[in-house]
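In: how would this look folded up:
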Amino acid sequence: MYYGATVDVGDVLLEHNIMCLDVRTENFNQIKFPEGRSSANYHMVTYEGRLALVETLNFPSIDIWILTNGDRHEWTHDCFDLPLSEMDPIRCKEPRFCGVSNAGELVFAPWVLSESFYILYFDPRRNSIREVSFEGIVGDEF
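Out: Here you go, the predicted model:
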């Protein structure tokens with residue numbers, strides 16, 4: 001289990017790390033963020049069975065850091081540009097990152113949901129995007 005933590009390293013200094021709890025052994029470990037990165041503006045997710053940090057500050061460019069070795073604090077980095085140019089601009093109007101699907105797609109939805117809206121699924125392996133339209137929401141029920 002992974003979670004973000006702020007660790008007191010003395011003299012009023014704080015360090016942002018990722019904590020890892022191995023539930024089998026009940027041991028805690030600290031994992032450092034990728035070099036030059038901190039805890040701000042990242043989403044911690046499971047991506048292809050590994051811990052990943054997803055940054056969407058420069059949308060439609062997406063940065064993903066994947067933890068390859070927690071003991072040595074080793075990360076790999078990938079950067080993707082969502083292929084939004086062929087889509088209707090209304091459908092892809094700066095959606096927010098919501099998570100990762102079981103198929104490894106990055107999921108994006110609008111900040112505000114209305115009667116009808118689109119959810120975008122981006123597959124980084126294929127560099128493809130698909131959209132799902134939700135229509136006809138009535139009242140508070142989806």
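In: how near is the most centrally placed residue in the chain to S61?
Out: Residue closest to the average C-alpha location in the chain (C-alpha atoms, centre = their mean): V54, at 3.5 Å. Distance, V54 to S61, using C-beta to C-beta, to the nearest Å: 12 Å. No exception for glycine: its C-beta is placed from N, CA and C like everyone else's.
In: cool, N102 as well?
Out: N102 is 24 Å from S61, by C-beta to C-beta.
In: so which of those two has more stuff around it?
Out: Shown here are N102 and S61; by other C-beta atoms under 10 Å, S61 has more neighbours (12 against 6).
In: contacting residues for the more buried one?
Out: C79, F80, D81, L82 (C-beta atoms under 8 Å, 6 or more residues apart in numbering).
In: what's the local residue count around the spatially closest residue to the first one that is not a sequence neighbour?
Out: Distances taken as C-beta to C-beta, 6 or more residues apart in numbering place D63 nearest to C79, at 5.2 Å, with adjacent residues excluded. By other C-beta under 10 Å, 18 other residues sit near D63.
In: how far does the helix or strand that D63 is a member of sit from its chain's centre?
Out: Counting by DSSP states H and E, the element that carries D63 is strand 61-69. Centre-to-centre, strand 61-69 and its host chain are 9 Å apart (C-alpha atoms, centre = their mean, to the nearest Å).
In: nice, that's everything, thank you.
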